[in-house]
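[1] Using only what follows, build the 3D model:
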Amino acid sequence: MEPEAPFRGQVFSVTAITLAIKQMMEGVFRGVFVEGEISGLRQAQSGHVYFDLKDRDALLAAVMFKWDARKNGQDLQEGLQVRVFGDLTCYAKQGKYQIAVKTVEALHKGNLFLEFEKLKKKLQAEGLFDERRKRPIPAFPRRIGVVTSPTGAAIRDILSVLRRRSPNLEVIVAPALVQGAGAAAQIAQGIADLNRLHPAPDVLLVGRGGGSLEDLWAFNEEPVARAIFESKIPVISCVGHEVDFTIADFVADLRAPTPSAAAELVVQNADGVAQHIAQLQKRLFQAVSLFYERAKARVEVAVNSRIFKNPQLLTQEKEQRVDELSLALENAFEKQAQAAQNRLELLTQKLVALSPFSVLGRGYSITRKADGSVVSRVGQVQEQETIYIQVKDGMIHAEVK
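    I've put the predicted structure just below:
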């Protein structure tokens, strides 16, 4: 038989129930030691230090007030395994229980930190972090793939930046858990799915908003690192805040400090080009305006010129020059023709003077035999042979006696 609940049916205000829990908790858990791994370490401007103590199955909020932090002198680090001493308290404003830490004793690095370092060394040795294999991010992407939670702050921040800076970009979201069991497998699957699209995105953004080390742990798991490494599309990792580093950051082609910064990175070149185009447009307009003004001035000068009003002035001098050249050419041709005629006559006279017929005119004759050969000696003819004597005005037939 269950024991009777002493407050069964009683109505409490939120304040009353919280104060009751506070009194019971603080009355029992005073001066206790707690061991765990530091996560989500931060120091407020007030000097108080806040962090979580965690193990594999649970998490306990912790606060070390500034006077204890100054006395403690212990350098707290993310992932450090510690034993703290303090009192369990309840922060009534948030209804949250926590341990107010008085002293801290470092034990050794936490298990998650050791796992992180082990995987980091393994993948680095395989070349997954090699800078030479990393690809440049496209200067002007048209399609962007995003692997993240469809309901988280990261996707809202990314879409907000892209819509404001480059509203014509196509964004394809591969929804995935980004925390807890199965998150790493879903992130890796989302990267692989986007790589199989046709046409594929130009660049991938993989990440989530901020959180503790365990919140971001999916991005420290090997399946995610392998998927980023095997992606044919350049990958920008954007996990957590600027101070958060994960294995995904080391493998990715580019790390962005936040999801918003990743969105800014993929459109920054487009902004620069848009500004450059605007400057070129302005310079082109100025150049065209200047050209127009100068052309207009030249047209006005031409319209008012003497040549424009009397266009025949443009050709008169040229026509006169043509006449002058024609006359010179004609004179030169006549002189050449006369010289050729004189030369021809002289040659004709020389030819006539050298002709055998001219010699015949001076009293000479040519004697030939019947076969036409010229007789130049007496011995060439015989008695009774007929010979032929050519004189100036004819031929004489004679017989040798």
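
[2] tell me which residues form a beta bridge with residue 80?
    Bridge pairing for residue 80 (DSSP bridges) gives the partners residue 109.

[3] That one: how many residues sit nearby?
    Residue 80 has 21 neighbours, counted by other Cβ atoms under 10 Å. In this view, the C-beta of every residue, glycine as well, is placed from N, C-alpha and C.

[4] Equivalent analysis for residue 193, please.
    Residue 193 has 14 nearby residues by other Cβ under 10 Å.

[5] is it true that it touches residue 175?
    No - with contact defined as Cβ atoms under 8 Å, residue 193 does not reach residue 175; the gap is 10.2 Å.

[6] Mind checking what secondary structure residue 124 has?
    helix (DSSP: H, G, I helix; E, B strand; the rest coil).

[7] Quick one: residues contacting it.
    Applying Cβ atoms under 8 Å, 6 or more residues apart in numbering to residue 124 gives the contacts residue 250.

[8] Would you mind giving me the confidence score for it?
    We have a pLDDT of 92 for residue 124.

[9] now do residue 109
    At residue 109, pLDDT is 59.

[10] now residue 137
    Confidence for residue 137, expressed as pLDDT, is 90.

[11] Can you verify it is assigned to a strand?
    No - under three-state DSSP, residue 137 sits outside any strand and is assigned coil.

[12] For it, give me the backbone phi and psi.
    The phi/psi pair for residue 137 (degrees, to the nearest 10) reads phi -80, psi 130.

[13] I figured it was touching residue 264, is that so?
    No - using Cβ under 8 Å, residue 137 makes no contact with residue 264, being 11.9 Å away.

[14] Contact partners for residue 191?
    Contacts of residue 191 (Cβ under 8 Å, 6+ apart): 147, 174, 204, 206, 224, 227, 228, 231, 235.

[15] can you give me the strands in the stretch 251-400 of the chain?
    With strands called from DSSP state E, counting those that start in this stretch, the stretch 251-400 of the chain shows them at 254-255, 366-368, 386-391, 394-399.

[16] who does the shortest one pair up with?
    Same thing as strand 254-255. Note on strand 254-255: by DSSP bridges, its sheet partners are strand 235-239 (parallel).

[17] and the strands of the stretch 251-400 of the chain as TSV, adding distance to residue 30, mean pLDDT and mean neighbour count?
    Compiled in TSV, those are given as follows (distance: least, Cβ to Cβ, whole Å; pLDDT from 0 to 100; neighbours: other Cβ atoms under 10 Å):
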stretch	distance to residue 30	mean pLDDT	mean neighbour count
strand 254-255	45	94	20
strand 366-368	168	84	15
strand 386-391	170	83	14
strand 394-399	173	85	10
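
[18] For residue 165, which of these is the nearest?
    strand 254-255 (17.4 Å; Cβ to Cβ).

[19] Sort out which residues of the helix or strand encompassing residue 24 are buried, please.
    Assigned by DSSP states H and E, residue 24 belongs to helix 14-28. Residues 18, 22 are the ones in helix 14-28 that count as buried (16 or more other Cβ atoms under 10 Å).

[20] Which elements pack onto that helix?
    Counting contacts by 3 or more Cβ pairs under 8 Å, 6 or more residues apart in numbering; DSSP states H and E, helix 14-28 is packed against strand 80-91.

[21] Just want the angle from the strand it packs on to helix 14-28.
    130 degrees (axes from the mean of the first three to the mean of the last three Cα atoms, to 10 degrees).

[22] How about strand 80-91, which residues are buried there?
    For strand 80-91, by 16+ other Cβ under 10 Å, it's 80, 81, 82, 84, 86, 88, 89, 90.

[23] before we move on, the earlier item: mind checking which of the contacts of residue 191 land in helices?
    Those of these mapping onto helices are 224, 227, 228, per DSSP state H.

[24] Most neighbours among those, which one is it?
    In the ones in helices among the contacts of residue 191, the most neighbours by other Cβ under 10 Å go to residue 224, 28 neighbours.

[25] now residue 81: how far from residue 162?
    42 Å (Cβ to Cβ, to the nearest Å).

[26] Show me what counts as buried in stretch 94-109.
    97, 98, 99, 100, 101, 102, 103, 104.
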